[in-house]
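K.L.:
Sequence and predicted model, in that order:
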Amino acid sequence: MASSVARASVGLRSERGPVLGALMLATGLIAIDATILATAVPSIVRDLGGYQQFPWLFSVYLLAQAVSVPIYSRFADAVGRKPIIMIGIALFLLGSVLCGFAGSMMWLILFRIVQGLGAGAVAPMSMTIVGDIYTVAERARVQGYIASVWAVSSVVGPALGGIFAQLDAWRWIFFVNAPLCALAAWMLLTHYHEEKQTRRHRIDFAGAALLTVGLTGIILGLLEGDSAWAWFSVPSAICFGGGALALVAFALVERRTAEPIIDFALVSRRLILTTTIVSFGIGALLIGVTSFAPAYLEGSLGIVPLLSGLAVAALTLGWPIASALSGRLYLRIGFRRTALIGMGLATLAAIGLAVTGPWPSPFTVAAIAFLLGAGLGLSSAPSLIAAQASVGWGQRGVVTGMNAFARSAGSAVGVAILGAISNAVIAQGGGPQDPATIVSASTWVFVGAAIAAALTLIVVLFMPRDGAVADA
């Protein structure tokens with residue numbers, strides 16, 4: 001895809017610099033949101049109640065993001081990337097403001113859905129636009145700029161979340177998104193002018209509906225099982241059975257529709273299949289640490305939210321540093337080897353977190369989280385760019401969307417499974433106010449995250465070997 005933006009150089013001062021800056025700011029919306037909420041969960045629960053429902057704050061956001069990504073990706077190939085990312089920013093802004101005014105946990109959870117629908121457009125469109133206007137070799141350098149956003153957010157997010165929580169002003173966690181949304185929208189409207197390769201598309205709304213129903217049923221059953229109802233009960237049977245049937249129907253519909261939400265023909269390619277599964281595993285592993293570690297440290301040691309947030313922020317600090325370095329590495333040794341090194345490191349870090357779980361320490365969590373983030377940074381970027389480089393402009397939005405969908409779906413399913421594990425241990429123990437029970441529940445969550453890491457490492461082994469890569 002030859003963009004109207006000149007390809008003279010890479011950097012914020014180049015002709016493409018304003019576009020890159022706008023994408024960095026748009027990415028910052030998602031990056032801050034990924035780290036700012038977890039540190040304030042205990043404060044939100046104290047204000048609104050509903051400790052056992054707090055995993056829904058993450059799962060519904062991720063579910064809305066996951067199911068909307070493929071639809072946005074199809075629309076992006078039809079009308080262009082710019083209108084879609086602008087819609088995403090608008091929805092994210094609306095959801096953030098509504099979350100800030102939420103009067104109960106139920107309303108907060110519902111408004112997080114709106115936020116998730118916005119994030120479902122912003123995250124993949126930012127990655128797709130980067131893929132459109134930069135070559136594979138240039139993306140190795142651009143990663144440093146995008147990674148810097150995550151590095152700054154990894155410090156700013158938890159710090160703001162902790163400060164707002166300690167000041168009993170957690171609602172500003174959501175209000176702070178408003179100026180970022182406004183500035184990102186203005187920069188994109190002013191500086192991003194794309195050339196589109198458009199054609200008419202048929203949006204698979206039936207597939208999207210079935211996928212939403214299926215994933216919602218499974219996640220609802222996992223989160224509420226043994227909490228709101230028994231595992232072997234009519235509600236569980238309805239959730240799991242109905243969810244499974246909807247997913248089966250979704251698979252049948254996708255095989256017959258002209259432009260499916262998930263293109264099984266495309267997924268059948270070995271490279272696309274393995275990188276998509278890797279993204280799913282990364283999503284599950286990431287949520288297993290960022291969503292539960294702050295509550296683990298605060299519930300077991302009684303430390304303030306700011307400290308627990310900074311400990312977990314080490315993960316999102318290690319990630320961008322390693323991601324920036326991965327560009328040079330995969331150009332030398334290939335995508336597969338770089339991803340293999342990254343997931344190997346991430347697996348060792350996840351195992352270390354599970355082993356040290358019974359002895360909570362913010363310093364241990366911070367050190368292990370940094371290594372885990374470094375591993376994920378070395379594996380996520382090469383797998384995505386390898387998939388993008390294997391297709392042309394007409395399929396790049398879909399491939400990027402599939403990768404983003406897989407990560408969001410992995411996070412949604414991961415937080416549901418790990419939340420079910422946590423709730424089961426807490427229900428059998430002394431409750432959410434008992435530090436020993438919190439330690440036990442969190443340790444089992446970390447064991448689950450370690451298993452997810454090991455399984456993802458195995459998938460990386462099946463990625464095809466690569467040599468020199470040229471931009472598609």
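P.N.:
Ah, there it is. Because the structure is predicted, anything quoted here is derived from the model rather than measured.
K.L.:
Name the spans of the stretch 201-350 of the chain whose pLDDT lies under the cut-off.
P.N.:
201-203, 223-228 (pLDDT under 70).
K.L.:
Just the element for the residue nearest to L329 when sequence neighbours are not counted, please.
P.N.:
In space, and not counting its chain neighbours, L329 is closest to T338: 4.8 Å by CB to CB, 6 or more residues apart in numbering. Every C-beta, even on glycine, is put in place using the N, C-alpha and C of the backbone. Assessed by DSSP states H and E, T338 sits inside helix 335-356.
K.L.:
what packs against that helix?
P.N.:
Under the contact criterion of 3 or more CB pairs under 8 Å, 6 or more residues apart in numbering; DSSP states H and E, the helices and strands touching helix 335-356 comprise helix 270-290, helix 305-333, helix 362-389, helix 435-461.
K.L.:
Next, the buried residues of it.
P.N.:
Using 16 or more other CB atoms under 10 Å as the test for burial, helix 335-356 gives 335-354, 356.
K.L.:
that older thread, mind giving me JSON lines with the helices and strands packed on helix 335-356 and columns for distance to R46?
P.N.:
Converted to JSON lines, the helices and strands packed on helix 335-356 look like this (distance: least, CB to CB, whole Å):
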{"stretch": "helix 270-290", "distance to R46": "20"}
{"stretch": "helix 305-333", "distance to R46": "11"}
{"stretch": "helix 362-389", "distance to R46": "21"}
{"stretch": "helix 435-461", "distance to R46": "15"}
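K.L.:
Which among these is found nearest to T39?
P.N.:
Closest approach to T39 among these (CB to CB): helix 305-333, 3.2 Å.
K.L.:
For L340, give me its contacts.
P.N.:
By CB atoms under 8 Å, 6 or more residues apart in numbering, the contact list for L340 reads 379, 457, 460-461, 463.
K.L.:
Which residue lies nearest the spatial centre of the chain?
P.N.:
Nearest to the mean C-alpha position of the chain, counting by CA atoms, centre = their mean, stands S408 at 4.9 Å.
K.L.:
A helix includes that one, no?
P.N.:
Yes. Counting by DSSP: H, G, I helix; E, B strand; the rest coil, S408 falls inside a helix.
K.L.:
Touching, it and P70? I think so.
P.N.:
No. Look at S408 against P70 with CB atoms under 8 Å: they stay out of range, at 10.4 Å.
K.L.:
Run the chain-centre distance for stretch 290-306.
P.N.:
Centroid separation between stretch 290-306 and its chain, computed with CA atoms, centre = their mean, to the nearest Å, is 21 Å.
K.L.:
Okay, domains of this protein per the record?
P.N.:
By the record's domain assignment, the chain is partitioned as 17-195+259-461, 204-258 (automatic domain parsing).
K.L.:
right, so these: which one is the most enclosed?
P.N.:
The highest mean neighbour count among the domains of the chain, using mean count of other CB atoms under 10 Å, belongs to domain 17-195+259-461: a mean of 22.
K.L.:
Endpoint to endpoint, that domain covers what distance?
P.N.:
For domain 17-195+259-461, the first-to-last residue distance is 37 Å (CA to CA, to the nearest Å).
K.L.:
what about D132, helix or strand, and which?
P.N.:
Going by DSSP H and E, D132 is part of helix 105-133.
K.L.:
Show me what that helix packs onto, helices and strands only.
P.N.:
Counting by 3+ CB pairs under 8 Å, 6+ apart, the packing neighbours recorded for helix 105-133 are helix 17-36, helix 41-48, helix 55-79, helix 81-100, helix 136-166, helix 362-389, helix 393-428.
K.L.:
Out of these, which gets the lowest mean score?
P.N.:
Among these, helix 136-166 carries the lowest mean pLDDT, at a mean of 72.
K.L.:
Quick one: name whatever helix or strand follows that helix.
P.N.:
Later in the chain than helix 136-166, the nearest helix or strand by DSSP H and E is helix 172-175.
K.L.:
what residues does that next one touch?
P.N.:
Against helix 172-175 from outside (CB under 8 Å, 6+ apart): 36-37, 40, 96-97, 99-100, 160-161, 164.
K.L.:
make it 6 Å
P.N.:
The contact list for helix 172-175 (CB atoms under 6 Å, 6 or more residues apart in numbering) reads 36, 40, 96, 99-100, 161, 164.
K.L.:
Then stretch 411-420?
P.N.:
With CB under 6 Å, 6+ apart, stretch 411-420 has contacts from 55, 58-59, 62-63, 66, 219, 222-223, 225, 283-284, 287-288, 291, 445, 448.
K.L.:
Surely A246 touches V213?
P.N.:
Yes. Assessed by CB atoms under 6 Å, A246 is found in contact with V213 at 4.3 Å.
K.L.:
Need the residues touching each of the two.
P.N.:
By CB under 6 Å, 6+ apart, no residue touches both A246 and V213.
K.L.:
Dump the C-alpha coordinates for the helix holding T338 into PDB.
P.N.:
What follows is helix 335-356, C-alpha atoms only, in PDB (Å, rounded to 0.1, in the frame of the first residue of the first chain):
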ATOM      1  CA  PHE A 335      10.500 -13.600  13.600                       C
ATOM      2  CA  ARG A 336      10.300 -17.200  14.900                       C
ATOM      3  CA  ARG A 337      13.500 -17.200  16.900                       C
ATOM      4  CA  THR A 338      12.900 -13.800  18.400                       C
ATOM      5  CA  ALA A 339       9.400 -14.900  19.500                       C
ATOM      6  CA  LEU A 340      10.800 -18.100  20.900                       C
ATOM      7  CA  ILE A 341      13.300 -16.300  23.000                       C
ATOM      8  CA  GLY A 342      10.600 -14.000  24.300                       C
ATOM      9  CA  MET A 343       8.100 -16.700  25.200                       C
ATOM     10  CA  GLY A 344      10.900 -18.700  26.800                       C
ATOM     11  CA  LEU A 345      11.700 -15.800  29.100                       C
ATOM     12  CA  ALA A 346       8.000 -15.100  29.800                       C
ATOM     13  CA  THR A 347       7.400 -18.700  30.700                       C
ATOM     14  CA  LEU A 348      10.300 -18.700  33.200                       C
ATOM     15  CA  ALA A 349       9.000 -15.500  34.700                       C
ATOM     16  CA  ALA A 350       5.500 -16.800  35.100                       C
ATOM     17  CA  ILE A 351       6.700 -19.900  36.800                       C
ATOM     18  CA  GLY A 352       8.800 -17.800  39.100                       C
ATOM     19  CA  LEU A 353       5.700 -15.800  40.000                       C
ATOM     20  CA  ALA A 354       3.800 -19.000  40.800                       C
ATOM     21  CA  VAL A 355       6.600 -20.400  42.900                       C
ATOM     22  CA  THR A 356       7.100 -17.200  45.000                       C
END
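K.L.:
All set now, cheers.
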